[in-house]
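*Asks:* pasted the sequence and its predicted model underneath.
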Amino acid sequence: MEDWVSLGYLLSAALFIFGLKKLGHPRTAPFGNQLGALGMLVAVLTTILSMQLEGDAEWVLIGAGIALGSLIGYVMAVRVEMTGMPELVALFNGFGGAASALVALSEIQKYIDGGTIPTGLELTVTMVAAGLSALVGWMTLTGSLLAMYKLKGGVSVFGKWIKTPTWGPAWLNPVKVLLVIAVAVLIYLSIDDPTNTTYLWSIIGISCLLGLVLVLPIGGADMPVVVSLLNSLSGIAAAFTGFIIGNSALIIAGSLVGASGLILTFIMCKAMNRTLADVLFKSFGGSGEKESLTRTKVGSDPDEVAMMIDGAQKVIIVPGYGMAVSQCQHQVKEFADLVSEKFDTEVKYAIHPVAGRMPGHMNVLLAEANVPYEQLIEMDEINSEFPECDVAIVIGANDTTNPAARSGEGPLAGMPIIDADAARTVVIIKRSLSVGYAGVDNDLFYMDKTMMLFGDGKAMMTGLNNAIKEI
């Protein structure tokens, strides 16, 4: 039977690897998700089999845990809206890190309860892995919870909405370093005295505080990077726990999540022209330092925009988080179908890597509306087409289209942007002229060739579609 356990873990690891591979392309991503879920099912069943062989299976607790977890997962999957997906991902990252830390804690608790304590190198490796699992796991939990509330914009307490703060003075960075050093010292001390609960709870407390301190200064503009990094940390915590309990599947799965999350983190940093150190140690966006608006712009109406689009040979749609907030992706798809059929217009979508609140947010929203993947073009490929574009329609995007990024100054300096300002005519659908997360006014709004449709994204797109139908 032990051979079956090894084969089960091997199969689950293979499913994780192939599932991750399939996630690399939108067409195969659903199948990749299914492979990953199947791999997790195999891993859980294999673990239960292993526990049964060792005589440690508590069937009531196992059944209750599976039933409760399945119910919670189903309810959250059904109820969550696409606009809330970034918050859900951040929450899951935190729970993943906490789960790993709890498993590591249960192993150390065996020593405290009088279990056999290993000696020599085995003890050193176990205590170091347990300490690092606690550090990363609890830090991921508190950091992810704070990131979730930052993505939501705040929390409701007794009916009163409290905005999540973004605060980080210069002296906070040395505090972060000191907290990490403190955990390292406590881990070293715990090797000599693994049953000392003071060391254990101090590591947990400091790690929780560190998670809050790390995320607190980070503004909304950097949230995609933070979500990716926390995802990576949850995987690293799982890998450390795998070393403690000797579970190969947990080591492999944790390493895959940790490595892929870290790669995605660096991709996001590159897309924003920022280093990971800048994200973690320098406040950016949402810090309260926002430019005051001194300029005005007269808004247009859907009929004017419809007349402008009539006869356009090429239209490029630039989606942003405002599209997600108004949930108008279906109206955007209807608009693309209308102009394609009625005016024989070529329609494409320009996708910025950090548009929205998490990597791939726009892709998922548009895929939900059945937009053909061939029409979703990444920023680096689509930018060269804007000079030939008759109309660029920007829906709720701000910083990712702001020409100020080319100036070399300010918080957006050097960030790659969508070159919407190179189009012959620009239509921007936005509630107001307010600045984006970076707090920088957008010159694109005030150009002579720019037409502003002020209002809710869904309402404006519905009005535009109706105007086009009447032409």
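*Replies:* Here it is on my side, so go on. Residues are numbered from 1 along each chain as shown.
*Asks:* can you pull the buried residues of stretch 195-205?
*Replies:* For stretch 195-205, the neighbour count (16 or more other Cβ atoms under 10 Å) marks 199, 200, 202, 203, 204 as buried. Quick note: C-beta positions are derived from backbone N, CA and C, even for glycine.
*Asks:* check stretch 116-135 too.
*Replies:* 123, 126, 127, 128, 129, 130, 131, 132, 133, 134, 135.
*Asks:* what is the neighbour count of residue 432?
*Replies:* Neighbourhood size, residue 432 [other Cβ atoms under 10 Å]: 12.
*Asks:* measure how buried the closest residue to it other than its chain neighbours is and give me the count.
*Replies:* For residue 432, ignoring the flanking residues on the chain, the nearest one in space by Cβ to Cβ, 6 or more residues apart in numbering is residue 454 at 6.5 Å. As a burial measure, residue 454 scores 16 neighbours (other Cβ under 10 Å).
*Asks:* residue 454 touches residue 298, doesn't it?
*Replies:* No: with contact defined as Cβ atoms under 8 Å, residue 454 does not reach residue 298; the gap is 9.7 Å.
*Asks:* quick one on the thing from earlier: how close does the residue nearest to residue 432 get to residue 302?
*Replies:* Between residue 454 and residue 302 the computed distance is 11 Å (Cβ to Cβ, to the nearest Å).
*Asks:* can you redo the buried residues of stretch 195-205 as a markdown table with pLDDT, secondary structure and distance to residue 254?
*Replies:* Below are those laid out as a markdown table (pLDDT from 0 to 100; DSSP: H, G, I helix; E, B strand; the rest coil; distance: Cβ to Cβ, whole Å):
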| residue | pLDDT | secondary structure | distance to residue 254 |
| --- | --- | --- | --- |
| 199 | 91 | helix | 24 |
| 200 | 89 | helix | 21 |
| 202 | 95 | helix | 25 |
| 203 | 94 | helix | 19 |
| 204 | 94 | helix | 19 |
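*Asks:* of those, closest to residue 50?
*Replies:* Relative to residue 50, the closest of the buried residues of stretch 195-205 is residue 200; by Cβ to Cβ it sits at 26.3 Å.
*Asks:* pretty sure residue 133 sits in a helix.
*Replies:* Yes: the assignment for residue 133 by DSSP: H, G, I helix; E, B strand; the rest coil puts it in a helix.
*Asks:* residue 315 in helix, strand or coil?
*Replies:* Residue 315 carries the three-state label strand when classified by three-state DSSP.
*Asks:* so residue 451 sits in a helix?
*Replies:* No: counting by three-state DSSP, one finds residue 451 to be strand, located in no helix.
*Asks:* any idea what it is bridged to?
*Replies:* Beta bridges link residue 451 to residue 427, judged by DSSP bridges.
*Asks:* any idea of the pLDDT on it?
*Replies:* Residue 451 is assigned 95 on the pLDDT scale.
*Asks:* which parts of the protein are strands?
*Replies:* Under the criterion DSSP state E, the chain contains strands at 154-157, 160-163, 314-319, 346-351, 376-378, 391-395, 425-430, 450-454.
*Asks:* out of those, which is the most enclosed?
*Replies:* Mean neighbour count (mean count of other Cβ atoms under 10 Å) peaks for strand 391-395 among the strands of the chain, with a mean of 28.
*Asks:* let's have the strands of the chain in TSV, adding distance to residue 215.
*Replies:* Below are these laid out as TSV (distance: least, Cβ to Cβ, whole Å):
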stretch	distance to residue 215
strand 154-157	15
strand 160-163	15
strand 314-319	27
strand 346-351	26
strand 376-378	28
strand 391-395	29
strand 425-430	28
strand 450-454	34
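*Asks:* these: which one's closest to residue 250?
*Replies:* Counting by Cβ to Cβ, residue 250 lies closest to strand 154-157 out of these; the figure is 32.9 Å.
*Asks:* need the helices for the stretch 51-200 of the chain, in chain order.
*Replies:* Along the stretch 51-200 of the chain, counting by DSSP state H, counting those that start in this stretch, helices occupy 59-79, 85-112, 120-152, 172-192, 197-215.
*Asks:* reformat those as a markdown table; add distance to residue 252.
*Replies:* Below are those laid out as a markdown table (distance: least, Cβ to Cβ, whole Å):
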| stretch | distance to residue 252 |
| --- | --- |
| helix 59-79 | 21 |
| helix 85-112 | 14 |
| helix 120-152 | 16 |
| helix 172-192 | 24 |
| helix 197-215 | 24 |
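*Asks:* tell me which of these is the most buried.
*Replies:* Most buried of the helices of the stretch 51-200 of the chain by mean neighbour count (mean count of other Cβ under 10 Å) is helix 120-152; its value is a mean of 23.
*Asks:* helices or strands up against that one?
*Replies:* helix 85-112, helix 172-192, helix 197-215, helix 223-245 (3 or more Cβ pairs under 8 Å, 6 or more residues apart in numbering; DSSP states H and E).
*Asks:* next, format the ones you listed as TSV and append distance to residue 327.
*Replies:* Output for those, formatted as TSV (distance: least, Cβ to Cβ, whole Å):
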stretch	distance to residue 327
helix 85-112	12
helix 172-192	37
helix 197-215	27
helix 223-245	20
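*Asks:* out of those helices, nearest to residue 166?
*Replies:* helix 197-215 (9.5 Å).
*Asks:* and the gap between the residue lying closest to residue 342 once chain neighbours are set aside and residue 341?
*Replies:* Once flanking residues are discounted, residue 342 sits nearest to residue 468: 6.5 Å by Cβ to Cβ, 6+ apart. Computed as Cβ to Cβ, the residue 468 to residue 341 distance reads 10 Å.
*Asks:* which of these two has more neighbours?
*Replies:* Taking residue 468 and residue 341 together and counting by other Cβ under 10 Å, residue 468 has the greater number of neighbours (21 against 9).
*Asks:* correct me if wrong: residue 173 contacts residue 278.
*Replies:* No: Residue 173 is beyond contact range of residue 278, at 11.8 Å (criterion: Cβ under 8 Å).
*Asks:* what's the domain layout of the protein?
*Replies:* Domain ranges of the chain: 1-79, 83-281, 302-470, per automatic domain parsing.
*Asks:* make JSON lines out of these and add distance to residue 293.
*Replies:* Below are the domains of the chain laid out as JSON lines (distance: least, Cβ to Cβ, whole Å):
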{"stretch": "domain 1-79", "distance to residue 293": "37"}
{"stretch": "domain 83-281", "distance to residue 293": "18"}
{"stretch": "domain 302-470", "distance to residue 293": "6"}
